[in-house]
Structures are given as structure tokens and as C-alpha cells.
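> just the structure for this:
(2 chains)
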Protein chains: 2
Amino acid sequence: MALTVVGTMAFDEIETPFGKSGKIIGGSATYIAWAASNFVQPVNQVSVVGEDFPQAEMDALTARGVALDGVQVKKGEKSFYWSGKYHMDMNTRDSLVTDLNVLADFNPVIPDSYQGSEFLILGNLTPQVQMSVIEQLTVRPKLIVMDTMNFWMEAALDDLLKVLQKVDVLMVNDSEARQLSGEYSLVKAAKKILTMGPRYLIIKKGEHGALLFHENHVFFAPAMPLDDVYDPTGAGDTFAGGFIGYLAKTRDISFENMKTAIIVGSAMASFCVEKFGTSRLREVTHEELTTRLEQFVQLVNFDIDLV
Amino acid sequence: MALTVVGTMAFDEIETPFGKSGKIIGGSATYIAWAASNFVQPVNQVSVVGEDFPQAEMDALTARGVALDGVQVKKGEKSFYWSGKYHMDMNTRDSLVTDLNVLADFNPVIPDSYQGSEFLILGNLTPQVQMSVIEQLTVRPKLIVMDTMNFWMEAALDDLLKVLQKVDVLMVNDSEARQLSGEYSLVKAAKKILTMGPRYLIIKKGEHGALLFHENHVFFAPAMPLDDVYDPTGAGDTFAGGFIGYLAKTRDISFENMKTAIIVGSAMASFCVEKFGTSRLREVTHEELTTRLEQFVQLVNFDIDLV
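Got it, this is the predicted structure:
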């Protein structure tokens, strides 16, 4: 039931209407690992960092059952750095600084110890890096989940379309689904994207929840209404980590179980946004998760027998 | 189980990316009546029209079990007229023409035959008109539902706050909830609004669904993902009509039953947007409604036992 995670491990500096984070740990693979390690071990991490990346962070991940054999540490180089500022609605943000650093020429190498992972999640990275990971695996995983973003649809569409042919589940947000398909209606967008390779499509709508499409089926999971969204950074990756972590734990990739996995992902994301960076994620207890899941049941559960 | 509906009956002229409607029948009370009459009869209509309002429209409502004793017909005057154009996202629109006509000095008169209605819904109108209706009722209805809009929060806030004290359920959209409360977070907005009079608050989020707040409980109903939203005009009123119609039918105003009523309202709204104006609403069969409700169950139903 091992899970392999490919993505960034990085420094973020975030400003929201609630304050400034200072330089903190971020990156897609970081968020995915913190979320997924609640459900499955080992989490086989594939990433690249500079020598500025804190050892304490590595140790914390190791303690969570995250294997770091696939994390390259580049001597004399700096880790990926991003800083950004969120607007009042928390749905839009401006990137202030993006320093690729070690990410500029990242060539992932899959350690032998990771071979045979049943689950693979490709965090948002260049499609070439995502393809390289798929090609290095000696046995095709039971499930491959892929995240991407609008940038690659503009800068590397051909490569992106090739990777799409190789994956089972694509995760994008609503505007990316529209861009990739050329359709405004998300239902029509989903129908088109499901002809491009993935058999499952998850459309993330931030505070408005997420949709799962498969064949003619559609499932909707709301986001938990919260008093405050403190910092949305990493919420999508945390959602992805909860989703694939739960699937890897249960080893059931049916549509029905994916519904539950999406609720689990939504629950993890609802914790993520409560504090800056990964800080809230690191402290979530099993009891808190159980309570949050029960809140999701209450949030959407209704009785329609009377009609 | 009679239901009294107060609102506009009007002419609309609508342009969407799909086409132009020409001059068609609209108005909040019109949509509410068409939706609610699927569940409850009589629907006691309170409104005002000019002598230009088509008799055929009146006859169609009568055939649906809608009582028109409370609909004033003003000789020599014109009905309320609105025209508007929707943008591509269908969430924003420009009003092109708003001719109040008969609405400018509307003084509703509740016929004796309407007295004793157990359910009352106040469509979006001036707060003074809404208050006048409440004051004319000899017996307080079992449930009073009120719709309003941002315009009255700016033009008649004091009157609006007085009406709020008299109602059980307030329905507003997300931006109106923020404006009324001064809170950006919808959860915080709801907490504040629930201290202003209503015990229940419904926040409508258009294509993103609706939230029901009551004490410390919250329920979320998604909008049905559709291939196309053809014309969103009246969707909110149709939602309201389905909601109160179902409550009036079942005569159960518990929080649990309100959840179901919101799903019924969402189902009715999902039909409304499929064609211009009320045309799709008029033809919805019981079988279609049952099928749509089952789709809502499929849309949100998940099994969380495994966690």
C-alpha cells in the first residue's frame, strides 16, 4: 500500500489579510506528505531541495513515516522559493517572487526502494518531470493521480497531453478545467477532459468545494464553512494528499470509495487553511479528523423519503 | 396548509449568451407560484399588475391552483418591466431598463379568503410593503420566509431591520449576507444575522449552491451541475418557491425537514435555468422532479464508515 509522492519542497513567504507568515516551509510534496501520512506509511517522497532546507524539517517528515531517499539535496544551491499575497476574498493572489533555484533543472530519480508503490501522485510540476517519473517505474501503479496548472497548458501543452494519457485521475481547478477543455460549462469541460486520458476528473473550486466526474457520474463535496480562512496556501495539495492517502490506506479505487476519499481530502484541507503553512496540518489528531468528518456528514446529509 | 406569496408579477426581457427572450412573463411571485404550486394548493398570490398583463397568464396560474384575489389589476397602468443582459459567467448581469410602473405605489391588500394561511413568503419588495402584509394578517403564520436584496440595505435599512424582527427565515445571496452583516466570512455573517430576528438563514450562492444556518447547525445543498445554464433569471425565486412549497405540503418546519426543502428548492431551480423565463418550470412533471431529486442524492451521498 505504499504511496509515492512527486512534487516540490520549498520555502514560502505568504501575506494574507490576517498577517505575514515570514519564511516558512511549503511546496506541493510537503503538503501532500503531511496530509497523506495520516493514512498510509511509507510515503515515498520524490523532490529536490537546496542545502538551505532545514534538517529539522526532514527529521519531522521521517518521524511521520515519510521516506526521503528520493529527495535530492543539492549542495551549494538554494531551495525553490515563492512569495505571494492574497486578496481579501482569499480566492485570488498575486505572486510576488518565484525563484525556481534547484527546481530549474530537476531530474527526479526513483530509488529502488520506491519501486512497486501501488499509488502515485504527481504534484504540480513540469509535465516532462511527471512523465519521467512514470517512465522510471518498473511496475505501473494501481492508481496514478496528477495535478497540474494553467501555466503548463500554455507553456507545455503537448507534453501535458502526453502525460494525461498515462494517468487515472486528473485534478485541476475550475478555471484550469475550462482552459484545458475550451468549455465554460464544467459538465461539458469534464466530458471533454475524460476523453483525454484520465478516467476520473476532480475539479477543485476552493471554498466552493470539489466535483468528481467519472463516466456519467458526478459527485460533489462541499468545503467546510469556516469562521475564517487564515491561509489557503497548500489547501489543494492537502486535499490531494488526504484523497490519495485514504485510497492508499483502503486500497479501494472504486468510484464509491473515491467519494469518501474526496470528503477525507476536503476535511484535511479544512484544517490546512486554519493556520499559516503546514502548522495546523502537523498537529491534527485522529480524533479531530473523526469529528470533522462527522461535521461533513451533518453538512450534506438529508432525508428525501418524504417527497 | 395554504401558502400566501407576496411579490412581483412582471414583464422581463432577457439576453444571455444563448439568445434573447423577447418580452416574457417574470416577477418574483410568478416564479414562486409556479414552483410552489407543485406541492401546495391554494397558493394565495398577492401582487399588482397593469392592464397590459395577459389574461392567459392569469388563467394558467388559476389552473395551477393559484388564487388571484390578492392580485390588483390597475386600469390604465403598466406592469413592472425589467430588462437585463447576462455576462458569460451567468453570475453577473447588467440591468438595462427598470420601469417600476404599478410597483411604484403598491399597497398590498390581503383578501379575507387568504387569512389563516399557515405559510407566508415575502418576495423581494420594499420592506414597507413586506411589513404591511405581516401587519394585515389576523393570525401569525406558522412560518414567515423573507427574501430581500442589497438595494434595500442601502435605501431602507431601518425598515428592513424592522421586518427582519418579524420573520423566521431570511433568504439572501452571499454578497447580501456580507453587506447586511459587515462580515466577509459567511459563517460569521450568519452568526450576526441570526441575532437580527430570523432563526434560520439561507445564503444562496447561485451555481455554488446554498447554505442553511440555524443555531450552531449548518447544512449545504449544491446546485445541480448542468450542461448549460440557459437563463438564471428567477432561479432564486424558484428555489424559494420549491422550499416553502415543500414545507407547506409537509407542514413540518423542523431543521431536518428544512434540509429536504432546500434540496427540493435546488431541484426546482435546476429546472428553471434550463429555458428562458418560466417556460421550463411550467412543464416539469412529478416524474422529472423525482428523478432530479434522486440525482441530488447521488450527487452528495457518500459512505464514511470506513475511516
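
> for the stretch 1-150 of chain A, which spans come out with low pLDDT?
A:1 (pLDDT under 70).

> kindly report the residues of the stretch 101-250 of chain A close to chain B.
By the rule C-beta under 8 Å from any C-beta of the partner chain, the part of the stretch 101-250 of chain A lying against chain B is A:184-188, A:205, A:208-209, A:211, A:217-222, A:225-229, A:246, A:250. Where you see a C-beta, it was placed from the backbone N, CA and C, and this is true even at glycine.

> got the CA positions of stretch A:105-117 in PDB?
The C-alpha trace of stretch A:105-117 is given here as PDB (Å, rounded to 0.1, in the frame of the first residue of the first chain):
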ATOM      1  CA  ASP A 105      16.900  21.600 -13.700                       C
ATOM      2  CA  PHE A 106      15.100  18.900 -11.500                       C
ATOM      3  CA  ASN A 107      15.700  15.400 -12.800                       C
ATOM      4  CA  PRO A 108      13.800  13.100 -10.500                       C
ATOM      5  CA  VAL A 109      15.400   9.700  -9.700                       C
ATOM      6  CA  ILE A 110      13.200   7.000  -8.300                       C
ATOM      7  CA  PRO A 111      15.100   4.900  -5.700                       C
ATOM      8  CA  ASP A 112      14.800   1.100  -6.000                       C
ATOM      9  CA  SER A 113      13.200   1.100  -2.600                       C
ATOM     10  CA  TYR A 114      10.200   3.000  -4.100                       C
ATOM     11  CA  GLN A 115       9.600   0.500  -6.900                       C
ATOM     12  CA  GLY A 116       6.400  -1.400  -6.500                       C
ATOM     13  CA  SER A 117       4.400   1.500  -5.000                       C
END
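
> ok so, going back, which of the residues of the stretch 101-250 of chain A next to chain B count as buried?
Among these, those scoring as buried are A:185-188, A:205, A:208-209, A:211, A:218-222, A:225-226, A:229, A:246, A:250 (criterion: 16 or more other C-beta atoms under 10 Å in any protein chain shown).

> which single residue of the stretch 1-150 of chain A ends up nearest chain B?
A:M88 (6.6 Å; C-beta to the nearest C-beta).

> residues touching that residue, list them.
Taking C-beta atoms under 8 Å, 6 or more residues apart in numbering or on different chains as the criterion, A:M88 is in contact with A:17, B:184.

> pop out the phi and psi values for it.
A:M88 adopts backbone torsions of phi -60, psi -40, taken as degrees, to the nearest 10.

> excluding its backbone neighbours, what's nearest A:G65?
With C-beta to C-beta, 6 or more residues apart in numbering or on different chains as the measure, A:Q41 is the residue that lies nearest to A:G65, at 3.3 Å, once sequence neighbours are left out.

> ranges for the helices of the stretch 51-200 of chain A?
Using DSSP state H, counting those that start in this stretch, the helices assigned to the stretch 51-200 of chain A run over residues A:55-63, A:127-136, A:150-155, A:157-164, A:174-181, A:186-193.

> what are the buried residues along the second one?
This means helix A:127-136. By neighbour count, and taking 16+ other C-beta under 10 Å as the criterion, the buried residues in helix A:127-136 are A:127, A:129-134.

> now do the shortest one
For helix A:150-155, the neighbour count (16+ other C-beta under 10 Å) marks A:152-153 as buried.

> kindly report the same for stretch A:291-301.
A:292-293, A:296, A:299-300.

> if we check chain B, which of those residues are in contact?
Among the buried residues of stretch A:291-301, the ones lying near chain B by C-beta under 8 Å from any C-beta are A:293, A:296, A:299-300.

> which ones among these lie within helices?
Residues of those located in helices (DSSP state H): A:293, A:296, A:299-300.

> would TSV of these with distance to A:V49 and pLDDT be doable?
Formatted as TSV, the entries for these read as follows, by distance: C-beta to C-beta, whole Å; pLDDT from 0 to 100:
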residue	distance to A:V49	pLDDT
A:L293	33	96
A:F296	34	95
A:L299	38	95
A:V300	39	93
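
> if we can go back for a sec, turn the helices of the stretch 51-200 of chain A into JSON lines, including distance to B:G70.
Written out in JSON lines, the entries for the helices of the stretch 51-200 of chain A read as follows (distance: least, C-beta to C-beta, whole Å):
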{"stretch": "helix A:55-63", "distance to B:G70": "68"}
{"stretch": "helix A:127-136", "distance to B:G70": "64"}
{"stretch": "helix A:150-155", "distance to B:G70": "53"}
{"stretch": "helix A:157-164", "distance to B:G70": "59"}
{"stretch": "helix A:174-181", "distance to B:G70": "43"}
{"stretch": "helix A:186-193", "distance to B:G70": "40"}
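
> is it true that A:Y246 touches A:M258?
No. If you go by C-beta atoms under 8 Å, A:Y246 and A:M258 don't touch, sitting 9.2 Å apart.

> please determine how far the spatially most central residue of chain A is located from chain B.
For chain A, the residue lying nearest the average C-alpha position, counting by C-alpha atoms, centre = their mean, turns out to be A:D237 (2.6 Å). With distances defined as C-beta to the nearest C-beta, to the nearest Å, the gap from A:D237 to chain B amounts to 20 Å.

> let me know the pLDDT of that residue.
The score at A:D237 is 98. That number is its pLDDT.

> leaving out sequence neighbours, find the closest residue to it.
In space, A:D237 comes closest to A:Y31 once its chain neighbours are excluded; the distance is 3.6 Å by C-beta to C-beta, 6+ apart.

> what sits against the one you found?
Shown here is A:Y31, whose contacts under the criterion C-beta under 8 Å, 6+ apart are A:234, A:237-238, A:241, A:272, A:278, A:281.

> of the residues you listed, closest to A:E154?
The nearest member of the contacts of A:Y31 to A:E154, counting by C-beta to C-beta, is A:D237 at 21.2 Å.

> which SS state does the closest one fall under?
With DSSP: H, G, I helix; E, B strand; the rest coil as the basis, the three-state label of A:D237 is helix.

> which helix or strand contains A:D231?
Taking DSSP states H and E as the definition, A:D231 sits outside all helices and strands.

> what are the ranges of the strands in the stretch 201-307 of chain A?
In the stretch 201-307 of chain A, strands defined by DSSP state E, counting those that start in this stretch lie at A:210-214, A:217-221, listed in chain order.
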